[in-house]
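Asker: predicted model and sequence follow; I will ask about them next.
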Amino acid sequence: MPNIKIFAGNSHPELAQRIAQRLGTEPSKVVLKKFANQETCVEIGESVRGEDVYILQSGTGCGEVNDHLMEMLIMIHACKIASAERVTAVIPCYPYARQDKKDKSRAPISAKLVANMLSVAGADHIITMDLHASQIQGFFDIPVDNLYAEPAVLKWIKENIENWRECVIVSPDAGGAKRVVSIADRLNVNFALIHKERAVANEVQRMTLVGDVDNRIAIIVDDLADTCGTVVKAAEKLKEAGAKAVYAVMTHGVFSGPALERVMGSCIEAIVVSNTIPQHEKIAVCPKIQAIDVSSIIGEAIRRTHNGESVSYLFGNVPL
């Protein structure tokens, strides 16, 4: 593909390599380091004048979130002032996405701040996947393509769960109801909802199940697995309600704090996440984790964007 450059930050070089291979190219040369005072230093190793530049950097769950965010902003700025024709930030897991509203006094809307920073740095276009709230697209005044892992999730369910036609798709909270209804409709199965009440952030006080899972396979679907307290308690609630087996399918597997220990000690058969965040080390510690490769979806989105083609096909299909 002529006139295209793909640069990878330190957050997920393996995903960048997979995407570049799909596009028949190699990640472009860039040196990323820190000065002695911990300031980020970026050196773009090849000409980007007149090129269509894609900078891949995942956010949450890849170690130092703020360092990776700053690294991406500097890379965007460096390419922009080096006369790149267009700079697209490819952010598989958008940082600060959960801080998307002012839900209490004096709370920041950090997702909006990140959007402003990306725009000011010089990004012309954003490609991301399964935003925590799709309204975050409205924080930008530049085009945003919010890709969905749903086609890959449907494919995994059909290929790995033998009696998937008898399953129930479950949302662990009210916010994920729309996602669960969409998947249940496409599989032509029932869905259920768990209402949760929190005492404090990341700590669930009480759960109520709405729906019937008795003697069925329950598949919990959500966008993000962080400390896994919610999904583990949801699985226990589903087992109490008579579910034969419980699976969890999440787009972004952050697995922070005690998450891996919780998953290993839970009644969940498998927790399936995409590789928007590196998972090799976590899979080695917790065999219940399985990873779906979404590099084909992101790579195809880049190819279609570069060629001026529609990306809407990817909202319902996994490219070959």
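Answerer: Yep, it's here.
Asker: residue 107 in helix, strand or coil?
Answerer: Here residue 107 is recorded as coil under DSSP: H, G, I helix; E, B strand; the rest coil.
Asker: number of nearby residues for it?
Answerer: Using other Cβ atoms under 10 Å, residue 107 is surrounded by 10 other residues. Quick note: C-beta positions are derived from backbone N, CA and C, even for glycine.
Asker: how far away is it from residue 302?
Answerer: 35 Å (Cβ to Cβ, to the nearest Å).
Asker: do residue 209 as well
Answerer: Distance, residue 209 to residue 302, using Cβ to Cβ: 41 Å.
Asker: of these two, which one has the most company?
Answerer: residue 302 (25 against 18).
Asker: helix or strand: which one has the more buried one?
Answerer: Per DSSP states H and E: residue 302 is located in helix 295-306.
Asker: packing partners of that helix?
Answerer: Where contact means 3 or more Cβ pairs under 8 Å, 6 or more residues apart in numbering; DSSP states H and E, helix 295-306 is packed against strand 4-8, helix 13-22, strand 86-91, strand 125-129, strand 144-147.
Asker: taking the mean pLDDT, what do you get for that helix?
Answerer: For helix 295-306, mean pLDDT is 97.
Asker: now it and strand 4-8, what's the angle there?
Answerer: 140 degrees (axes from the mean of the first three to the mean of the last three Cα atoms, to 10 degrees).
Asker: quick one: contacts of helix 295-306?
Answerer: Contacts to helix 295-306, defined as Cβ atoms under 8 Å, 6 or more residues apart in numbering, come from residues 1, 4, 6, 15, 18-19, 22-23, 52, 54, 88, 90, 92, 125, 127, 129, 145, 147, 149, 151-152, 275, 309-311, 313-314, 318-320.
Asker: 6 Å instead, please
Answerer: Contact with helix 295-306 is made by 4, 15, 18-19, 22-23, 52, 54, 127, 147, 311, 314, 319, as judged by Cβ atoms under 6 Å, 6 or more residues apart in numbering.
Asker: likewise stretch 54-68?
Answerer: Contact partners of stretch 54-68, identified using Cβ under 6 Å, 6+ apart, comprise 6-9, 11-12, 16, 72, 75-76, 88-95, 254, 276-277, 302.
Asker: buried subset of those residues as a ChimeraX selection?
Answerer: Filtering those down to the buried ones (16 or more other Cβ atoms under 10 Å) takes a single ChimeraX command:
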select :6,7,8,9,11,12,16,72,75,76,88,89,90,91,92,93,94,95,254,276,277,302
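Asker: which element, helix or strand, includes residue 156?
Answerer: Going by DSSP H and E, residue 156 is in helix 150-160.
Asker: packing partners for the helix or strand that that helix is followed by?
Answerer: Using DSSP H and E, the helix or strand that follows helix 150-160 in sequence is strand 168-171. Here strand 168-171 touches helix 177-187, strand 190-200, strand 217-225, going by 3 or more Cβ pairs under 6 Å, 6 or more residues apart in numbering; DSSP states H and E.
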